[in-house]
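Engineer: need coordinates for the following:
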Amino acid sequence: MKNFEAYNPVHLHFGKGVTATLGRVTKQYGTKVLLVYGKNSAKKYGYYDQIRGELEKAGLTITEFSGIRPNPLASDVDQAVALAREAGVEVIVALGGGSVIDSAKIMSVCIPGNLKAWDVMTMRALPREAVPLIDVLTVAATGTEMNSAAVLQDFDAGAKRGLKIPLLFPKHSYLDPVFTYTVNRDYTAYGITDLIAHALEAFFDVEVSITDRFIADIIKDAMHYAPLVLEEPENYEYRANIMLDATFALNGMTMYGRSGGDWGVHAIGHVLSLLYDVPHGASLSIAYPAWLKLMKKKIPERISRLGQLVFGVSSPDKTIEEFIKFFVFIKSPVYLADINIDNTKKSEILGQLIQNRAGGLVYPLTAEELELIVNYMM
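Structural biologist: Numbers count the residues shown, from 1 in each chain. Below you'll find the predicted structure:
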């Protein structure tokens, strides 16, 4: 077991109707609000009206920035920062899923010093302070609502990067499972894949008995509720359990006694999203089986341990087979061909993986190993 520090200052509001306190809580941090959301769904399903209404009832001045994309861009963050500085914004409210909240996190640290988002992501600029951030989650997937990490991509740089610093912790996070009822079937499945991938990234680190079992239980719980929530998307208990699984998977608890997880599969998935705008969760259900196939000769005991805890099987091959079976069952892609990417893209993908130095913190990947992974994904 590794030495570790545990710190999580996020005030989590979980349950039906919790956003009734949003206006009062937001007002504690300032009266000039930047309301950040995505393209269509927040307005289409009424969440925008509900949240803006709570802010207006508290007498807050609201500036809006909309149009955040599913694979969020640094350039959009820069536009929002300019708008926020002009309006004298004192607090940010982010309404949406991981892409919206991640973007708002980087806005929060760029606004005070008028920093550029990609400079922050690449650590060419080091933020010293942050505008307080409050989020209202509408998609259960990334766990960003209760951690200090964010991911953005930049087309000019040809890269998608993650950043983790304490300044990125939200002050408050509102999680009402009802807000996830309208997430469509595909993105519900991708969100489940994403949370399972987060749990796996933590597992593939040093062995810690208690967190190994906690990680396995998160995965088993998500797999239990997956077919139920896909069949009954407006069942409160099903949505609530998936939402809590996603939060637990990446709020730091799975990392106790570990070095921080591997994250090599996420690095591979980021390249697929960058090149082909693949939904994040879909990229992970393609990349994880391929990574496991590569790693089964290097860490067979660790993969077998995972299989025993999650599926009751005792071999790497059986473990990989069970994960593939589950991803296929929920209709999350497991091969690039499933999303119409064929062998002609192999060299392009490999080149981008090598250029971005895709690999894990625990298990680095050589160019030869990356080529094998690309072949396994085909």
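
Engineer: C-alpha only now, for contacts and for neighbours.
Structural biologist: Fine.

Engineer: what's near enough to touch residue 45?
Structural biologist: For residue 45, the set of contacting residues under the criterion of C-alpha atoms under 8 Å, 6 or more residues apart in numbering consists of residue 182.

Engineer: distance check, it against residue 234.
Structural biologist: From residue 45 over to residue 234 the distance is 13 Å, taken as C-alpha to C-alpha, to the nearest Å.

Engineer: overlap in contacts, the two.
Structural biologist: Residues touching both residue 45 and residue 234 comprise residue 182, with contact defined as C-alpha under 8 Å, 6+ apart.

Engineer: and what about residue 333, helix, strand or coil?
Structural biologist: Following DSSP: H, G, I helix; E, B strand; the rest coil, the label given to residue 333 is coil.

Engineer: begin at 90 from here
Structural biologist: Happy to do that; since the first residue is 90 now, the last one works out to residue 422.

Engineer: tell me who's in contact with it.
Structural biologist: Remark: with contacts taken as C-alpha under 8 Å, 6+ apart, residue 422 is in contact with 371-372, 374-375, 416, 428.

Engineer: can you put those residues in a markdown table and add distance to residue 181, secondary structure and neighbour count?
Structural biologist: Written out in a markdown table, the entries for those read as follows (distance: C-alpha to C-alpha, whole Å; DSSP: H, G, I helix; E, B strand; the rest coil; neighbours: other C-alpha atoms under 10 Å):
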| residue | distance to residue 181 | secondary structure | neighbour count |
| --- | --- | --- | --- |
| 371 | 29 | helix | 28 |
| 372 | 30 | helix | 29 |
| 374 | 33 | helix | 28 |
| 375 | 35 | helix | 28 |
| 416 | 36 | helix | 21 |
| 428 | 36 | helix | 15 |
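
Engineer: closest to residue 346 out of those residues?
Structural biologist: Nearest to residue 346 among those, counting by C-alpha to C-alpha, is residue 374 at 26.5 Å.

Engineer: may I see the buried residues of the lowest-mean-pLDDT helix or strand in the chain?
Structural biologist: Within the chain, judged by mean pLDDT, DSSP states H and E, the helix or strand with the poorest mean is helix 130-133; its value is a mean of 92. Residues of helix 130-133 classed as buried by neighbour count (16 or more other C-alpha atoms under 10 Å): residue 131.

Engineer: what comes up buried for the one helix or strand residue 437 maps to?
Structural biologist: When secondary structure is defined using DSSP states H and E, the element that contains residue 437 is helix 435-444. By neighbour count, and taking 16+ other C-alpha under 10 Å as the criterion, the buried residues in helix 435-444 are 435, 438-439, 441-443.

Engineer: next one: that helix to chain centre, how far?
Structural biologist: Taking the mean C-alpha point of helix 435-444 and that of its whole chain, the gap between them comes to 23 Å (C-alpha atoms, centre = their mean, to the nearest Å).

Engineer: report all helices and strands that it contacts.
Structural biologist: helix 353-365, helix 456-466 (3 or more C-alpha pairs under 8 Å, 6 or more residues apart in numbering; DSSP states H and E).

Engineer: reformat those helices as TSV; add mean neighbour count, mean pLDDT and distance to residue 420.
Structural biologist: Listed next are the helices and strands packed on helix 435-444 as TSV, based on neighbours: other C-alpha atoms under 10 Å; pLDDT from 0 to 100; distance: least, C-alpha to C-alpha, whole Å:
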stretch	mean neighbour count	mean pLDDT	distance to residue 420
helix 353-365	22	96	17
helix 456-466	18	98	16
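
Engineer: helices along the stretch 290-439 of the chain, start to end?
Structural biologist: Taking DSSP state H, counting those that start in this stretch as the criterion, the stretch 290-439 of the chain carries its helices at 298-320, 325-338, 353-365, 369-384, 389-399, 405-418, 435-444.

Engineer: looking at these, which is closest to residue 225?
Structural biologist: Distance to residue 225, taken as C-alpha to C-alpha, is lowest for helix 325-338 among the helices of the stretch 290-439 of the chain, at 12.5 Å.

Engineer: what helices and strands are in contact with the closest one?
Structural biologist: helix 274-292, helix 298-320.

Engineer: the residue lying closest to residue 264 once chain neighbours are set aside - how many residues pack around it?
Structural biologist: Excluding its sequence neighbours, the residue lying closest to residue 264 (C-alpha to C-alpha, 6 or more residues apart in numbering) is residue 103, at 4.7 Å. Other residues within reach of residue 103 by the criterion other C-alpha atoms under 10 Å amount to 16.

Engineer: what's the answer for residue 273, then?
Structural biologist: The local packing of residue 273 (other C-alpha under 10 Å) involves 11 other residues.

Engineer: could you do residue 91 as well?
Structural biologist: With neighbours defined by other C-alpha under 10 Å, the count for residue 91 comes to 13.

Engineer: which one is it nearest to, not counting chain neighbours?
Structural biologist: Nearest in space to residue 91, with sequence neighbours left out and distances taken as C-alpha to C-alpha, 6+ apart, is residue 346 at 4.7 Å.

Engineer: who's in contact with that neighbour?
Structural biologist: If a contact means C-alpha under 8 Å, 6+ apart, then residue 346 has 90-93, 295, 297 as its contacts.

Engineer: if you set the cut-off to 6 Å instead, what comes out?
Structural biologist: 90-91, 93 (C-alpha atoms under 6 Å, 6 or more residues apart in numbering).

Engineer: quick one: it and residue 236, what's the gap?
Structural biologist: Between residue 346 and residue 236 the computed distance is 17 Å (C-alpha to C-alpha).

Engineer: domain assignment for the protein?
Structural biologist: The chain breaks down into these domains under automatic domain parsing: 100-269, 274-466.

Engineer: okay, residue 129: pLDDT?
Structural biologist: Turning to residue 129, the model gives it a pLDDT of 86.

Engineer: that one: how many residues sit nearby?
Structural biologist: 12.

Engineer: before we move on, back to that, select, out of the helices and strands packed on helix 435-444, the one closest to residue 267.
Structural biologist: Between residue 267 and these, the shortest separation by C-alpha to C-alpha is 28.3 Å, and it involves helix 353-365.
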